[in-house]
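S.K.: Dropping a prediction and its sequence here:
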Amino acid sequence: MYLAIEADGKDPQFMSKLSMLGPVRVDHHMQPVKPTDHAQAMHRSQMQSEVEATNTHATRNRLLVSSLNSLFDTRKSVTTTTELESLAKRHGIDVERLQQLCRHFNTPSVDERTIVRMTDENGEESVTMM
């Protein structure tokens with residue numbers, strides 16, 4: 001292995017190709033590039049998100065997508081206001097905010113009886129919902 005690395009480093013054409021390229025030209029009068037406002041806002045948002053993710057204290061009304069998915073699924077079986085309040089409290093979200101989100105978003109519901117699983121001759125399974 002060491003010999004292969006050593007042999008690779010002895011490229012006979014390396015110096016001739018470098019001399020063909022010539023010296024590096026540096027423009028000392030270049031202006032610094034400023035990121036756009038949109039790029040700066042995205043960077044700030046990412047930094048804030050990372051800080052919140054590493055924070056041991058959960059931020060109220062901020063959920064990970066997986067938690068939000070679980071919250072929406074569990075909410076489908078809630079029948080009373082007390083259950084809804086308890087669910088919101090467990091997930092660290094205000095009841096009003098939960099109801100506002102549920103007016104606009106939901107998770108898909110699939111009836112287990114409509115799922116068809118088929119296995120081909122290679123053992124690969126395909127799932128279809130009718």
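M.R.: Structure's in. What do you need?
S.K.: from here on, contacts and neighbour counts on C-alpha atoms
M.R.: Fine.
S.K.: is it fair to say residue 128 lies in a strand?
M.R.: Yes: counting by DSSP: H, G, I helix; E, B strand; the rest coil, residue 128 is located in a strand.
S.K.: Look up how far residue 73 lies from it.
M.R.: Residue 128 sits 21 Å away from residue 73, going by Cα to Cα, to the nearest Å.
S.K.: Show me which of the two is the more surrounded one.
M.R.: Just comparing residue 128 and residue 73: by other Cα atoms under 10 Å the higher neighbour count belongs to residue 73, 15 against 9.
S.K.: Contact partners for the nearest residue to the more buried one once chain neighbours are set aside?
M.R.: Among residues not flanking residue 73 along the chain, residue 107 sits closest, at 6.5 Å (Cα to Cα, 6 or more residues apart in numbering). By Cα atoms under 8 Å, 6 or more residues apart in numbering, the residues touching residue 107 are 69, 72, 73.
S.K.: Mind exporting the C-alpha coordinates of the top helix by length along the chain to CSV?
M.R.: Of all the segments of type helix in the chain, defined by DSSP state H, the longest one is helix 37-54. Extracted C-alpha coordinates of helix 37-54, given in CSV (Å, rounded to 0.1, in the frame of the first residue of the first chain):
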residue,chain,number,x,y,z
ASP,A,37,-31.2,39.3,3.2
HIS,A,38,-33.0,36.1,2.3
ALA,A,39,-29.8,34.0,2.9
GLN,A,40,-29.1,35.8,6.2
ALA,A,41,-32.7,35.2,7.3
MET,A,42,-32.4,31.5,6.5
HIS,A,43,-29.1,31.3,8.4
ARG,A,44,-30.6,33.0,11.4
SER,A,45,-33.6,30.7,11.3
GLN,A,46,-31.4,27.6,11.1
MET,A,47,-29.3,28.8,14.0
GLN,A,48,-32.4,29.5,16.1
SER,A,49,-33.7,26.0,15.3
GLU,A,50,-30.4,24.4,16.3
VAL,A,51,-30.4,26.3,19.6
GLU,A,52,-33.9,25.3,20.3
ALA,A,53,-33.1,21.6,19.4
THR,A,54,-30.2,21.5,21.9
